[in-house]
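**Student:** sequence first, then the predicted structure, then my questions.
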Amino acid sequence: MRAAAMRGSTIKLMTGEQMGILNNDFFNQEVECLRRRVGQVECNKTHEEIAKTSLQEVSKLEKEVDAILALQEETRSCSLGGM
């Protein structure tokens with residue numbers, strides 16, 4: 001009986017160790033998955049910031065171009081009116 005009990009406890013111990021290893025592997029996989037997701041979120045934030053900055057620069061350029069075109073139009077109308 002003792003030998004069977006020892007084998008049973010050994011099997012339980014080995015099974016427990018295997019479950020621990022599986023849990024560690026699962027935990028490590030989940031941590032790696034979370035790291036990838038955090039990396040993607042950070043990447044998206046960076047791209048959003050770049051896009052916002054680019055749009056702000058384009059808006060400034062549009063205003064400058066509009067001002068130049070308005071000045072040119074004003075100059076044309078003055079030169080045509082003076083003739």
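**Tutor:** Sure thing, it's come through. Note that this is a predicted model, so its numbers are computed, not measured. Numbering: from 1, shown residues only.
**Student:** where do the helices sit along this protein?
**Tutor:** Using DSSP state H, the helices of the chain run over 2-81.
**Student:** V38 - how many residues pack around it?
**Tutor:** V38 is flanked by 10 other residues according to other Cβ atoms under 10 Å. Just so you know, the C-beta spots here come from the backbone N, C-alpha and C atoms, and that holds for glycine as well.
**Student:** again, but for the one 4 residues further on
**Tutor:** Burial of E42, expressed as a neighbour count using other Cβ under 10 Å, amounts to 10.
**Student:** then Q18?
**Tutor:** Neighbourhood size, Q18 [other Cβ under 10 Å]: 10.
**Student:** which pLDDT value goes with A4?
**Tutor:** Per-residue pLDDT puts A4 at 62.
**Student:** where's S59 relative to T53, distance?
**Tutor:** For S59, the distance to T53 equals 11 Å [Cβ to Cβ, to the nearest Å].
**Student:** likewise for Q29?
**Tutor:** Q29 is 37 Å from T53, where distance means Cβ to Cβ.
**Student:** again, but for L61
**Tutor:** 13 Å.
**Student:** cool, D25 as well?
**Tutor:** With distances taken as Cβ to Cβ, D25 is found 42 Å from T53.
**Student:** and if you look at K63?
**Tutor:** Counting by Cβ to Cβ, the gap from K63 to T53 is 16 Å.
**Student:** kindly report the same for E62.
**Tutor:** Per Cβ to Cβ, E62 is found 15 Å from T53.
**Student:** same deal with G16?
**Tutor:** Using Cβ to Cβ, G16 is found at 55 Å from T53.
**Student:** could you do F26 as well?
**Tutor:** For F26, the distance to T53 equals 41 Å [Cβ to Cβ].
**Student:** what's the answer for E73, then?
**Tutor:** With distances taken as Cβ to Cβ, E73 is found 31 Å from T53.
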